[in-house]
Every structure is written in structure tokens, then in C-alpha cells.
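> turn this into a structure:
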Amino acid sequence: MVKSSKTRTGSRKPVAKPAGNNRQDHLWSLGPPVEILRPDGRTVAKEEPDIAADDLLKMYRWMVNGRVFDERALKLQRQGRLGTYAPLSGQEAAQVGSAYALEQRDWLFPSFREHLALAVRGQSWSGILLYHGGSEEGGRVPEGINNFTPSIPIATQILHAVGVAWAAKLRGDPIVTLVYFGDGGTSEGDFHEGMNFAGVFQTPTIFFCQNNQYAISLPRARQTRAETLAQKAIAYGFEGVQVDGNDLLAVYQMTRQAMEKARQGGGSTLIEALTYRLGPHTTADDPTRYRQDEELQHWQERDPLIRMRLYLERRGDWDEARETALWEEAKADIAQSVTAYEQAPARDVEEIFKYTYAEMPWNLQEQLADLRAYLQESGGQLPE
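Sure thing, here's the model as predicted:
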């Protein structure tokens, strides 16, 4: 049985009701994705979204800072001053809207591309650069910031997010976990295991899929026969929804709804944010080998920064002078972060043993002793 319901944006979505139980209706998107802002910056509905002007400006500033950081990090890598890097340009709205929607007590689980989401949640740009520069310090999350470190293996962070959510639920701790992954991650076993566990135990988890259309070079159409990725949530007994991932306001609003529902005991939500990475998968990739210029141009015309800027201008909250000042300020801030990264003191090699555990287990104590003995014999030289 398929019913019809209205989202807060006013568009109608089909709702599938699972047979044989009394659970709530489950939202899935086979119609247009949830959208508040059109690419020209105009709202879909007549009424303005209920988001404070100060929050709108803060989120836009984060988007611009993310773009500046991304462009600078890419140059640093090309100059040999940074390790392999996964660009985020084009996905600013998806990352800012979702990360900004969370509360400080909530937990965020990133993959390898969520540099901007980590910054929104309080991590420094210099610290993020240290991570990509191979520094042990870069893998440390400052005290009081509820971010996990980036997960390089595809989709493994999904299990971590569900496990933390389940532990919090058992303790009566009213937190929500949000986990990021790409469209390619939905083909991994960890995705299905995590989704199934979340459905069975109704964990307070937001599964946030940034569908940027490619799993490295594999296009979305060759990854699954499902019409949407959002509808995969139905098999696991909770809600799934598609959202325009280049629409900051829609992403923010749908993440807030999912967060509030989870905190009130309503279980998990899968959000599929339709977006596009404007650059390569990583700095080891050449996207011109598998996608056409016309496709890239199509998405460049839907740049999330342009859309949000046009919206702020139509509201009377923005102008050319403020835009210029923001970009100059962002460039200066990122330049300072680069300097801090490159001038950071070298870390003691022993620190790799001392961060993970509150009390170092016996096996690491033995390894540390072996390292100290080796360094003493080699005159402090590490093996190449």
C-alpha cells in the first residue's frame, strides 16, 4: 500500500507502509528530492524557511571557508607539501547543512572527505592539514569535540556510529550519531550490517549518504538497480529520504528533523543528499577519463555556494562588498592555518603508543620497550 504525504517543503512524496506490523509510515523518495532553494536562489515555497538570519550567514561563511581550504589543500598536495587529499568542492552544502544541524553533544563519524564537516564541529584547519600531512597529532580530536577520526576504509565508520548510538541508548544518554559515506559505500557489507542493526534496535543514528554520483570512477547507475539510495532504508525498517544536496537549507532542515526524531526515540533515518564532486576523487585520480565536460558544466551551474549567495542577496542580507570581504578573510585564515601546519614541531615517535588507550595494554607496553631498545642501538634512527 502506497500513501501520499506532504513534506515541510510542500512537495508530495509516496510513503510505503510495511505490511504485517503497526510501525509508523516510512518516508521514501521516488518523487523529486526535498528542495527549499532552487539553483537561482529563489525558494520553492512562498514562505521563508524557519532558520535564523545569523545561522544562515554563519553557514554561508563556513561554505566559503571550505571552498578556500579545499583549493589551497589541493595546491599544497600538488607541491609535495601535503599527502593524498580528497577534494570536497561541490559538496559544501551537504557537509555544512548536516554538521551545523547537530548539537554539540552529538557525535559525528566522517569518511575521508568530510574536512569541512569536521571544521564546522570545531576542529582547526591546521589540525586537519596535519592529518593529511601524516602527523600523529592530526589524528587526535581535541577534548570536548565529539568527532571521530576520518575512516579511510569504505563504510567501516558506519558500524562505529551505530555501535556508539546503541551504547548511548543503553545508558540513557540522549545523543544522536551522524555518519557520512558516499554512494559507493552503500555497496559495502558494513553499510547493510549497520543499517540492519540500527533498524532492529532503533538506534538514534543518521545515515548521511553524500551521493556525489561516482564511486571513484563508477557511475551511480552501475552501482545499484534501486531507483534511489534512500529507499534502501525501507528494507531495514526506518525512514529514508532524498534531499537536494546542493541546497543548504534543505539539507539543514532534513537533518534537524532526523536528529529530533532520533532523540525522541524514533530511530534512525537514511538521508541521501544528491550532490556532485567538482574535482577528482582524490589527488591520485583523473576525472577527465570517465566523465564528460557537459556533465561537469551542468553541476557547476548548480554550485551550492552560488545558490546560497543568491538567496542571501534576495533577502537583502548580502552584497558584493561583503562577499569580497568574506573571501579575503577566508584566504587569510587558511593561510595562517597553513603556516601553523608547516611550522608545527615534530612529534615524538613514542606518541603513537600513548593516545588510543587510557591505560596502555601489556602488548603495547612491550612494543614500546622494543622501540626504545631499537632506538638506543641505532642511535635514534628509525628504519626506512
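> wait, doesn't residue 37 sit right on residue 311?
Yes - using CB atoms under 8 Å, residue 37 is in contact with residue 311, at 5.5 Å. Where C-beta positions appear, they are placed from N, C-alpha and C, glycine not excepted.
> between those two, which contacts overlap?
Taking CB atoms under 8 Å, 6 or more residues apart in numbering as the contact rule, residue 37 and residue 311 both touch 43, 249.
> pLDDT weak spots in the chain?
The chain contains residues with pLDDT under 70 at 1-31.
> care to break it down by domain?
Each domain of the chain is listed here as a residue range: 2-342, 349-378, per automatic domain parsing.
> buried deepest among these, which one?
Stretch with highest mean neighbour count among the domains of the chain: domain 2-342 (a mean of 19; mean count of other CB atoms under 10 Å).
> can I get stretch 157-168 in CSV? Just the C-alpha atoms.
Below are the C-alpha coordinates for stretch 157-168, written out as CSV (Å, rounded to 0.1, in the frame of the first residue of the first chain):
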residue,chain,number,x,y,z
GLN,A,157,32.7,4.1,10.2
ILE,A,158,29.0,3.1,9.8
LEU,A,159,29.4,0.3,12.3
HIS,A,160,31.2,2.6,14.7
ALA,A,161,28.4,5.2,14.6
VAL,A,162,25.7,2.5,15.1
GLY,A,163,27.6,1.0,18.0
VAL,A,164,28.1,4.3,19.8
ALA,A,165,24.4,5.1,19.3
TRP,A,166,23.4,1.7,20.7
ALA,A,167,25.7,2.2,23.7
ALA,A,168,24.3,5.6,24.4
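> show me the contact partners of it.
107, 109-111, 148, 151, 174-181, 185, 190-191, 193-195, 197-198, 201, 203-205, 207, 268.
> I'd like the domains of the chain as CSV, with distance to residue 384 appended.
Converted to CSV, the domains of the chain look like this (distance: least, CB to CB, whole Å):
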stretch, distance to residue 384
domain 2-342, 15
domain 349-378, 11
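> I'd like the next helix or strand past whichever strand or helix holds residue 59.
Using DSSP states H and E, residue 59 sits in helix 53-78. Next helix or strand after helix 53-78 toward the C-terminus (DSSP H and E): helix 92-101.
> what packs against that next one?
Secondary-structure packing of helix 92-101 (3 or more CB pairs under 8 Å, 6 or more residues apart in numbering; DSSP states H and E): helix 53-78, helix 115-120, strand 177-182, strand 205-211, helix 248-263, strand 269-274, helix 304-315.
> residue 130 versus residue 343, what's the distance?
As for residue 343, its distance to residue 130 is 11 Å (criterion: CB to CB, to the nearest Å).
> hang on, I meant residue 189
Following CB to CB, the distance that separates residue 189 from residue 130 is 32 Å.
> now residue 274
Distance from residue 274 to residue 130, by CB to CB: 32 Å.
> also residue 218?
31 Å.
> likewise residue 195?
Distance from residue 195 to residue 130, by CB to CB: 33 Å.
> over to residue 364?
23 Å.
> likewise for residue 259?
Using CB to CB, residue 259 is found at 30 Å from residue 130.
> right, and residue 111 touches residue 148 too?
No - contact between residue 111 and residue 148 fails when scored by CB under 8 Å: they sit 10.5 Å apart.
> which residue, other than its chain neighbours, is closest to residue 74?
Of all residues not flanking residue 74 in the chain, residue 87 sits nearest, at 5.8 Å (CB to CB, 6 or more residues apart in numbering).
> so who does the one you found touch?
Taking CB under 8 Å, 6+ apart, one finds 70, 73-74, 113, 277-280, 282-283 in contact with residue 87.
> and the helix holding residue 59 with helix 248-263, angle?
For helix 53-78 against helix 248-263, the angle by axes from the mean of the first three to the mean of the last three CA atoms, to 10 degrees is 100 degrees.
> quick one: residues contacting residue 190.
Residue 190 touches 154-156, 158-159, counting by CB under 8 Å, 6+ apart.
> wait, residue 137 sits on residue 341?
No - using CB under 8 Å, residue 137 makes no contact with residue 341, being 10.1 Å away.
> need the overlap of contacts for those two.
residue 130.
> for the helix holding residue 59, name the packing helices and strands.
So helix 53-78, by 3+ CB pairs under 8 Å, 6+ apart, packs with helix 92-101, helix 115-120, helix 125-132, helix 248-263, helix 304-315, helix 320-342.
> please redo it, this time with the cut-off set to 6 Å
Contact partners of helix 53-78 among helices and strands, from 3 or more CB pairs under 6 Å, 6 or more residues apart in numbering; DSSP states H and E: helix 92-101, helix 320-342.
> now tabulate those in JSON lines and tack on distance to residue 54.
Formatted as JSON lines, the helices and strands packed on helix 53-78 follow (distance: least, CB to CB, whole Å):
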{"stretch": "helix 92-101", "distance to residue 54": "12"}
{"stretch": "helix 320-342", "distance to residue 54": "14"}
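> of the ones you listed, which is nearest residue 296?
Nearest of those to residue 296, taken as CB to CB: helix 92-101 at 16.6 Å.
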